[in-house]
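Colleague: pasted the sequence and its predicted model underneath.
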Amino acid sequence: MKGSNVNDDSRAGIGVRAPVRSRASRRIQASGRARRARHGQAGATLLVGLIMLVLITMAAVTAHNLARGNLQAVANMGYHNDTAAAAQQTIEAVISSTKFVQAPNAVFSGDGACPAVNTRCYDVNGDGSVDVRVGLTPAPACRTGRVLSTAELDFDEPEDLGCAVSTSQTFGIKGSVTADSLCGQTVWDVRARADDAATRTSVRVTQGVGVRVSLDDLEAFCPTT
């Protein structure tokens, strides 16, 4: 009987301790699941943070590139305007006199800064060095020309008076019989190419101009119609 009681007590003891280990195991398992959940949440937070950091970086880089591109566009526009102004200024200097009619290939003589003929140089930024070179390329050319008749002249104008032909002198003066005057009306193309070597900006400007010329210049440089 004692042996039987011992066995019963031991079995009873084992039966009592078993639920204690089961609750501890559940607590350990629950704790492990909680730790894994916290680790999973921390990993998701880190991933979202990295994605946001990448997006913010990409936005900042894009904004920087756009601002840089806008500044470059404004600078390029300024370079283009300066170069075009130099070309236009050169054309104005050409047509301000009639030298291009008598010598279209040598309108500008070379100097120290611009040794080449038909070339002008400009210091745009005022640093004492040449920034823009403008060449008459090609040289000014007469496109059309015709002899003016005496009926087209206004003798109140000194310029027209110099083109008049005396009708009493019908010999020795070309055009006196045909009522042609001593002048011709011409149309010229003046072309200028401006280059800025530093900014690699190049601008071409073409302007047409009507010029009253003598018959000698008309025959020498212009095709008559």
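Modeller: Ah, there it is.
Colleague: middle-most residue in the chain, spatially?
Modeller: The geometric centre of the chain, computed from its C-alpha atoms, lies nearest to Asn76 (Cα atoms, centre = their mean), at 4.3 Å.
Colleague: leaving out chain neighbours, which residue sits closest to Ala194?
Modeller: Counting by Cβ to Cβ, 6 or more residues apart in numbering, Ala87 is the residue found nearest to Ala194 once chain neighbours are left out, at 3.9 Å. From N, CA and C alone the C-beta is placed, and that goes for glycine too.
Colleague: skip ahead from the helix or strand hosting the one you found and say which helix or strand is next.
Modeller: With the criterion set as DSSP states H and E, the secondary-structure element containing Ala87 is helix 2-95. Next in sequence after helix 2-95, counting helices and strands by DSSP H and E, comes helix 99-102.
Colleague: buried ones in that next one, by neighbour count?
Modeller: 100-101 (16 or more other Cβ atoms under 10 Å).
Colleague: what is the mean pLDDT for it?
Modeller: Throughout helix 99-102, pLDDT has a mean value of 88.
Colleague: that helix: what's the following helix or strand?
Modeller: Moving toward the C-terminus from helix 99-102, the next helix or strand (DSSP H and E) is strand 119-122.
Colleague: flag every buried residue along that following strand.
Modeller: Of the residues in strand 119-122, those with enough neighbours to count as buried (16+ other Cβ under 10 Å) are 119-122.
Colleague: likewise stretch 61-80?
Modeller: With the criterion 16+ other Cβ under 10 Å, stretch 61-80 contains buried residues 79-80.
Colleague: gap between Ala192 and Gly128?
Modeller: Counting by Cβ to Cβ, to the nearest Å, the gap from Ala192 to Gly128 is 24 Å.
Colleague: and whichever strand or helix holds Asp216, how far from the chain's centre?
Modeller: In this assignment (DSSP H and E), Asp216 forms part of helix 215-221. The chain centre lies 41 Å from the centre of helix 215-221; the measure is Cα atoms, centre = their mean, to the nearest Å.
Colleague: so what touches stretch 92-104?
Modeller: Counting contacts by Cβ atoms under 8 Å, 6 or more residues apart in numbering, the residues outside stretch 92-104 that touch it are 107-108, 120, 136, 139-142, 186, 188, 190, 192, 207, 209, 211, 213, 217, 221.
Colleague: go again with 6 Å.
Modeller: The set of residues that contact stretch 92-104 without belonging to it, under Cβ atoms under 6 Å, 6 or more residues apart in numbering, is 107, 139-140, 190, 209, 211, 213, 217.
Colleague: on that earlier part again, more neighbours, Ala192 and Gly128?
Modeller: Legend: neighbour count by other Cβ atoms under 10 Å for Ala192 and Gly128, higher for Ala192 (26 against 6).
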